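>>> coordinates only, sequence not included:
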């Protein structure tokens with residue numbers, strides 16, 4: 001007769017020892033994380049932003065997933081504010097970086113030519129809109145997008161001999177002086193702001209194609225009216241999708257009209273593709289949706305493959321500035337160029353822009369169900385994997401009759417905290433920070449996308465059911481913190497998440 005061996009039993013005392021050791025390690029990890037957060041708050045500038053809303057300490061990351069120092073895991077739909085086109089630590093990016101490090105190549109060369117730079121520019125030019133790639137020049141700037149914006153403004157002012165700039169309400173182009181001047185929140189007498197069309201909060205109250213046409217006519221009138229007080233500018237700068245402005249995609253017909261208006265008046269058109277580029281919106285560059293070829297493109301974030309890199313690409317006839325007219329010590333980042341070339345090639349060769357278009361459409365369609373279920377969801381909008389959900393207060397008595405309800409930034413912040421408790425990292429944006437933004441990596445799978453939508457829906461449901469109740473109040477007081485006690489394994493995403501049956505319960509801090 002066969003003898004069946006049973007698994008050896010673990011003595012109760014041993015089980016208690018193992019459990020106690022695990023509890024001790026968990027407590028130690030949490031204490032270490034809390035210590036790091038305390039020291040950050042004590043040492044770092046009051047200007048810090050993401051660290052306030054996301055009190056986590058990342059120690060490991062791969063793809064869509066981040067693991068904190070306390071062992072908690074999150075789905076990252078912030079992606080370095082759109083920098084991580086391939087997610088965290090993608091193998092092709094790591095291999096590109098290792099190859100440069102192992103080669104003995106210099107890591108800092110100012111603007112000297114190198115094989116690494118040559119490979120990057122070759123791949124970059126391969127992706128550009130055909131009308132620009134055929135006659136383009138590239139200027140390497142300081143490593144941030146705002147540096148590239150400054151360079152673009154200097155370029156068009158030098159090339160045209162003019163000074164003023166046309167920009168748009170709601171715009172965000174960076175934090176240096178010139179970039180701030182053309183952003184929506186900073187006044188500057190050299191900048192004329194034009195209305196940026198949108199459907200939900202149309203500046204003309206009509207939305208749709210009619211609203212876009214009125215916005216274009218306004219731009220035309222400002223330029224052609226001799227009494228408008230606006231001289232012919234050095235250039236116009238716009239975002240094909242306003243990101244920080246609240247995820248507002250420009251209509252393709254409006255983009256074409258703006259291109260016609262600027263071309264007819266010899267005004268260089270600058271497209272800020274810092275966040276929209278490298279497949280994010282469902283085309284490699286967002287201007288391609290409309291078929292528009294700008295005179296200048298400002299590029300950063302994803303082009304560095306997660307490392308700092310920024311460039312300006314422009315028509316060769318604008319290339320009239322003197323040597324040193326715009327420079328930067330760190331404009332020759334070899335590791336970023338290697339990582340960027342690998343990222344650009346991977347996105348292009350694997351059709352990730354087309355994938356972003358298809359998956360983004362499905363996610364936006366599913367999220368629009370929230371509008372029917374929850375009155376606090378004003379609008380769901382976006383393009384590709386650049387998605388925004390605007391939260392409103394439908395009971396606010398100050399609402400304009402027939403117009404959209406006022407923005408509800410506290411609701412959006414509460415949803416962000418509820419998402420974090422569920423292991424989902426999202427960003428806020430928009431005029432009043434009332435828009436929850438999703439910027440997942442282009443490598444996100446269908447299963448991961450479903451998990452993101454599930455967690456976001458649960459978070460909205462919790463906040464909508466009790467927008468001023470004890471759960472939100474407690475979250476405001478303590479800040480969000482995800483604990484292992486409220487998490488379960490999710491084999492599809494490689495993360496841990498709260499069970500759905502607990503979605504409407506308060507999570508202890």
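Nice, thanks for sending it over. Keep in mind that what you see is a predicted model, and the values were worked out from it rather than measured.
>>> so residue 334 sits right up against residue 110, yeah?
No - using C-beta atoms under 8 Å, residue 334 makes no contact with residue 110, being 11.0 Å away. Placement of C-beta: from N, CA and C, glycine included.
>>> ok, those two, which is more surrounded?
Set side by side, residue 334 and residue 110 show more neighbours around residue 334, with 22 against 11, by other C-beta atoms under 10 Å.
>>> quick one, what contacts that one?
100, 105-109, 114, 116-117 (C-beta atoms under 8 Å, 6 or more residues apart in numbering).
>>> Can you mark which positions in the helix ranked longest in the chain are buried?
In the chain, with assignment by DSSP state H, the single longest helix is helix 12-43. Neighbour counts over helix 12-43 (16 or more other C-beta atoms under 10 Å) mark 29-30, 33, 37 as buried.
>>> rewinding a little: top of the contacts of residue 334 by neighbour count?
Using other C-beta under 10 Å as the neighbour criterion, residue 116 leads those with 25 neighbours.
>>> secondary structure class for that residue?
Under DSSP: H, G, I helix; E, B strand; the rest coil, the three-state class of residue 116 is helix.
>>> what about the stretch 51-200 of the chain, any weak spots by pLDDT?
For the stretch 51-200 of the chain, applying pLDDT under 70 flags the ranges 185-189.
>>> Contact partners for residue 262?
By C-beta under 8 Å, 6+ apart, residue 262 lies in contact with 236, 268-269.
>>> nope, residue 281 is what I was after
Counting by C-beta under 8 Å, 6+ apart, residue 281 has contacts 240-241, 249, 289, 356-357, 360, 383-386.
>>> again, only using 10 Å
240-241, 249, 273, 275, 287-289, 353, 356-357, 360, 382-386 (C-beta atoms under 10 Å, 6 or more residues apart in numbering).
>>> Contacts for stretch 198-211 next, please.
Residues contacting stretch 198-211 (C-beta under 10 Å, 6+ apart): 169-170, 194-197, 212-215, 217-218, 242, 245-246, 248-251, 253-254, 378-381, 390, 392, 400, 402-404, 407, 430-431.
>>> Now which of these would you call buried?
169-170, 194-197, 212-215, 242, 245-246, 248-251, 254, 378-381, 390, 392, 404, 407, 430-431.
>>> what comes up buried for the strand or helix carrying residue 262?
Element membership of residue 262, judged by DSSP states H and E, is helix 252-264. Across helix 252-264, burial judged by 16+ other C-beta under 10 Å covers 254-255, 257-259, 261-262.
>>> okay, the angle between the host helix or strand of residue 213 and helix 252-264?
Here residue 213 sits within helix 208-224, counting by DSSP H and E. Orientation check (axes from the mean of the first three to the mean of the last three C-alpha atoms, to 10 degrees): helix 208-224 against helix 252-264 gives 10 degrees.
>>> Over to the closest residue to residue 248 other than its chain neighbours: give its phi and psi.
Spatial nearest neighbour of residue 248, chain neighbours left out: residue 242 (4.2 Å); criterion: C-beta to C-beta, 6 or more residues apart in numbering. Per-residue torsions, residue 242: phi -70, psi 120 (degrees, to the nearest 10).
>>> Check the contact between residue 242 and residue 429; I expect there is one.
Yes - using C-beta atoms under 10 Å, residue 242 is in contact with residue 429, at 8.9 Å.
>>> what sits in contact with each of these two?
Joint contacts of residue 242 and residue 429 (C-beta under 10 Å, 6+ apart) are 172, 248, 388.
>>> could I get those residues as CSV with distance to residue 364?
Formatted as CSV, those follow (distance: C-beta to C-beta, whole Å):
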residue, distance to residue 364
172, 22
248, 14
388, 9
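>>> just those residues now: which is nearest residue 343?
Within the shared contacts of residue 242 and residue 429, the smallest distance to residue 343 is 23.0 Å, found for residue 172 (C-beta to C-beta).
>>> what kind of secondary structure is residue 170 in?
Classified using three-state DSSP, residue 170 is coil.
>>> Next: the one 5 residues further on.
Secondary structure, three-state DSSP: residue 175 is coil.
>>> residues near it, how many?
If we define neighbours as other C-beta under 10 Å, then residue 175 has 14 of them.
>>> for the one 3 residues further on, same thing?
The criterion is other C-beta under 10 Å. On that basis, residue 178 has 21 neighbouring residues.
>>> helix/strand/coil for it?
helix.
>>> do residue 388 as well
Following three-state DSSP, residue 388 is assigned to strand.
>>> what pairs with it across the strands?
On the basis of DSSP bridges, residue 388 is bridged to residue 381, residue 437.
>>> can you tell me which residues contact it?
So residue 388 contacts 241-243, 245-249, 364, 367, 379-382, 427-430, 434-439 (C-beta under 10 Å, 6+ apart).
>>> Also residue 379?
Contacts of residue 379 (C-beta under 10 Å, 6+ apart): 198-201, 246-247, 368, 371, 388-392, 404, 435.
>>> repeat that for 8 Å
199-200, 371, 389-390, 404.
>>> re earlier: switch the buried residues of helix 252-264 over to JSON lines; also include pLDDT and distance to residue 161.
Shown next, in JSON lines, are the buried residues of helix 252-264 (pLDDT from 0 to 100; distance: C-beta to C-beta, whole Å):
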{"residue": "254", "pLDDT": "97", "distance to residue 161": "29"}
{"residue": "255", "pLDDT": "97", "distance to residue 161": "27"}
{"residue": "257", "pLDDT": "97", "distance to residue 161": "26"}
{"residue": "258", "pLDDT": "98", "distance to residue 161": "22"}
{"residue": "259", "pLDDT": "98", "distance to residue 161": "22"}
{"residue": "261", "pLDDT": "97", "distance to residue 161": "20"}
{"residue": "262", "pLDDT": "97", "distance to residue 161": "17"}
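>>> Over to residue 235: give its phi and psi.
phi -180, psi 170.
>>> burial count for it?
26.
>>> Residue 219 against residue 260, yeah?
No - using C-beta under 8 Å, residue 219 is not in contact with residue 260, being 10.7 Å away.
>>> circling back: between the shared contacts of residue 242 and residue 429, which is closest to residue 330?
residue 172 (22.7 Å).
>>> count of residues packed around the closest one?
So residue 172, with other C-beta under 10 Å, has 22 neighbours.
>>> distance of it from residue 239?
For residue 172, the distance to residue 239 (C-beta to C-beta, to the nearest Å) stands at 8 Å.
>>> what is in contact with the two at once?
The overlap between the contact sets of residue 172 and residue 239 (C-beta under 8 Å, 6+ apart) consists of residue 245.
>>> where does the stretch 401-509 of the chain dip in pLDDT?
Using pLDDT under 70, the flagged stretches of the stretch 401-509 of the chain are 467-509.
>>> where along it do the strands fall?
Secondary structure of the stretch 401-509 of the chain by DSSP state E, counting those that start in this stretch: the strands cover 424-425, 427-429, 435-438, 488-490, 495-497.
>>> The stretch 51-200 of the chain: strands as residue ranges?
58-62, 65-68, 73-76, 136-140, 165-168, 191-194.
>>> pLDDT score assigned to residue 246?
For residue 246, the model assigns a pLDDT of 95.
>>> And the closest residue to it other than its chain neighbours, how close does it get to residue 446?
The shortest distance from residue 246 to any residue other than its chain neighbours is 3.3 Å, reached at residue 430 (C-beta to C-beta, 6+ apart). According to C-beta to C-beta, residue 430 and residue 446 sit 28 Å apart.
>>> Likewise for residue 137?
41 Å.
>>> Which one of the two is surrounded by more residues?
Legend: neighbour count by other C-beta under 10 Å for residue 137 and residue 446, higher for residue 137 (13 against 10).
>>> The more buried one is in contact with residue 317, isn't it?
No - the pair residue 137 / residue 317 is not scored as a contact, 9.5 Å apart, by C-beta under 8 Å.
>>> Right, I'll leave it there.
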